[in-house]
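**Student:** Sequence below, structure please.
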Amino acid sequence: AVSPDVECIFLNSYDTKQMASSAIVEAIDICKDNLKCFSITEGIVTKEILSALANCPNLRGLTLSMTKTHAGDADLAPIITSCSDLRWLFIDETSGLFRDASWQALLNDGACPNLEVLWVESTKNGDGRRNVARGDHDIIRRALNIRKDVLRLCVINPDTKLQSRFVIGGAKKTDRLKGEKVKREPDYDFMFGGW
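**Tutor:** Down below sits the predicted model:
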């Protein structure tokens, strides 16, 4: 069904038992010169798929949502550095991508100069905090601030109200990359024999 003229590929709920990753890579390779949009929802993202996408010179949009990942952050970074016409990028928490290598890739000269929409969910919990942005926070701030004149929508690790935890050029209170302190649960030991 894929020809060299195909511009968009949307995969929803694909099962690797019925369609192997190699079939997706083959489809991308067939239309790589014209592919402008690629989306996987509820599927599996592999290194091979990301590598094939990095070879699509006209890719303008990428969505990875509710996916399982057999790839890493270093496999996503080449898309950011080589797809110079990328205009929107949506990566949600389930993909496990967008960490140090991806943020560093956004700092490279010439990487995604036309990026207008960036929605990234990539957090971790620990050290008494939750929703801490994955990656070096100084690099994240620099990567976003250099794009302040181009980005029209930037949502980083949205909270329950879909408010970004980092606002470009915002006040200090709008920088919530460090997440929130976890509220200590009350000690109920006294109720169970601690009297």
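**Student:** Would you mind pulling the contact partners of the strand or helix carrying residue 23?
**Tutor:** Using DSSP states H and E, the element containing residue 23 is helix 21-31. For helix 21-31, contacts defined as CB atoms under 8 Å, 6 or more residues apart in numbering pick out 2-7, 9, 11, 14, 35, 38, 44, 46, 48-49, 51-53, 55-56, 70. Where C-beta positions appear, they are placed from N, C-alpha and C, glycine not excepted.
**Student:** Can you tell me which helix or strand of the protein has the lowest average pLDDT?
**Tutor:** strand 68-70 (a mean of 88; mean pLDDT, DSSP states H and E).
**Student:** And it, what's buried?
**Tutor:** 69-70 (16 or more other CB atoms under 10 Å).
**Student:** ok, now stretch 52-66?
**Tutor:** Using 16+ other CB under 10 Å as the test for burial, stretch 52-66 gives 52-56, 58-65.
**Student:** Could you check the angle the helix or strand just after the helix holding residue 23 makes with helix 21-31?
**Tutor:** Downstream of helix 21-31, the next assigned helix or strand under DSSP H and E is strand 37-41. Inter-element angle recorded for strand 37-41 and helix 21-31: 160 degrees (by axes from the mean of the first three to the mean of the last three CA atoms, to 10 degrees).
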